[in-house]
Structure formats: structure tokens, C-alpha cells
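Asker: I'll drop the sequence and a predicted model, then ask my questions.
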Amino acid sequence: RIGAMILSGLGREEWIATDEADYVERVVALASDPGALATIRAGLRAQMEASPWRDEQGQVARIEAAYRAMWEHWCEPERG
């Protein structure tokens with residue numbers, strides 16, 4: 001499901017297949033429309049650049065916040 005996570009981050013949920021038959025159906029539909037494929041190819045790089053996957057500073061900030069929360073939780077005295 002990593003591929004589904006990446007596609008969701010790109011805003012391409014319509015590319016996520018539920019099973020093998022669904023995958024084949026989606027691929028055939030895309031391959032049947034060369035104009036749409038050309039449009040997708042022309043904008044895909046910019047779409048990736050604008051996606052959360054390229055927000056390195058945001059990712060680092062979220063990881064740091066998670067580490068801080070884990071550390072603070074570990075440092076808390078046990079409550080009985």
C-alpha cells in the first residue's frame with residue numbers, strides 16, 4: 001500500500017486500484033487516451049514538486065515533534 005500512499009500524496013487517488021482486474025482496467029483506460037497521457041506527463045513533475053512528498057522541512061519538523069513528544073512522555077514520572 002506504499003504506492004497508494006504516494007499516489008494519495010500526489011492527489012492521484014484515481015490511479016489507486018483495488019485489485020489486479022481494477023489495475024488492468026485503469027491502465028487500459030489511461031493507455032487508450034494519448035492526449036490525456038501527454039497532459040499528465042507534462043504536469044506530473046510540477047505536481048510532484050508541489051506535493052507533501054517534497055516538503056522536506058515540514059517532514060523534518062513533524063519527525064522532530066514526534067521525537068520531542070516521545071522524549072517528554074519517557075521523562076514523565078510514572079503515575080499510579
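Answerer: Yep, that arrived.
Asker: the helix or strand bottoming out on mean pLDDT in the chain packs against which elements?
Answerer: Lowest on mean pLDDT, DSSP states H and E among the helices and strands of the chain sits helix 2-10, with a mean of 90. For helix 2-10, the contact count by 3 or more Cβ pairs under 8 Å, 6 or more residues apart in numbering; DSSP states H and E identifies no helix or strand as a packing neighbour. For the C-beta atoms, the positions are set from N, CA and C on the backbone; glycine is no exception.
Asker: show me which positions of it end up buried.
Answerer: Applying a neighbour-count criterion of 16 or more other Cβ atoms under 10 Å, one finds Leu10 buried in helix 2-10.
Asker: contacts for that helix, please.
Answerer: By Cβ atoms under 8 Å, 6 or more residues apart in numbering, the surrounding residues in contact with helix 2-10 are 13, 15-16, 47-48, 51-53.
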